[in-house]
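Trainee: Dropping the sequence and predicted coords here.
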Amino acid sequence: MKRIAISALLLAVAGCAPPYVWGDGDRVESRLVNMVPLGSSPERLEGTAKERGWDIDHRNVRSWPAGSKTYMHDTHLDCRSRGGPVVPVVIAHYSAPFETYVESLWLFDPQKRLRDICVRKTVDAL
């Protein structure tokens, strides 16, 4: 009986997050690249974001020199600018069992082609 209750709880919690954010950062990045392939334009990202209900932080889109550290460089040690727009996007927000944000940085080159994606999950626990 206890095993059934734990299984039900785990399914309920997992059901709160969209499947593409399950797993570690590398797995999430891989799924995101399938949605918005490398080489894509910012417009393609914008369309996918709108379609999936992602929140693009337009106020903080910046272009930095190639190789510059981004604010995700602390947890994702190869998260450096590629010389074009760096676009922050919240791809998921859920609150079971704790408030969780899945953030991403989409790194474009000077020709505005997607070159990399960085992902991190932030959990607001007790």
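Mentor: Received it, and whenever you're ready, just let me know what you need.

Trainee: CA atoms only: put stretch 52-63 into CSV for me.
Mentor: In CSV, the C-alpha atoms belonging to stretch 52-63 read as follows (Å, rounded to 0.1, in the frame of the first residue of the first chain):
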residue,chain,number,x,y,z
ARG,A,52,4.5,26.6,-26.2
GLY,A,53,3.7,29.4,-23.8
TRP,A,54,7.4,30.1,-22.9
ASP,A,55,8.2,33.5,-21.4
ILE,A,56,10.9,35.4,-23.4
ASP,A,57,12.5,38.2,-21.3
HIS,A,58,12.7,40.7,-24.1
ARG,A,59,14.0,43.4,-21.7
ASN,A,60,17.2,41.4,-21.0
VAL,A,61,18.1,40.3,-24.6
ARG,A,62,21.7,41.4,-25.0
SER,A,63,24.6,41.0,-27.4
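
Trainee: and that stretch, how far out from the chain's middle?
Mentor: 11 Å (CA atoms, centre = their mean, to the nearest Å).

Trainee: ditto for stretch 36-51
Mentor: Chain-centre distance of stretch 36-51: 13 Å, with CA atoms, centre = their mean.

Trainee: average model confidence for the host helix or strand of Asn34?
Mentor: When secondary structure is defined by DSSP states H and E, Asn34 falls within helix 25-35. Averaging pLDDT along helix 25-35 yields 88.

Trainee: and that helix, what other elements does it pack with?
Mentor: In terms of contacts (3 or more CB pairs under 8 Å, 6 or more residues apart in numbering; DSSP states H and E), helix 25-35 is packed against strand 114-124. Any C-beta I mention is one placed from the backbone N, CA and C, and that applies to glycine too.

Trainee: Could you list the paired strands of the strand it packs on along with their orientation?
Mentor: Here strand 114-124 is paired, per DSSP bridges, with strand 99-108 (antiparallel).

Trainee: can you list contacts of the partner strand?
Mentor: Strand 99-108 is contacted by residues 17, 21, 28, 32, 36, 42, 45, 70-72, 79-82, 84-94, 114-124 when judged by CB atoms under 8 Å, 6 or more residues apart in numbering.

Trainee: Alright, that wraps it up for me.
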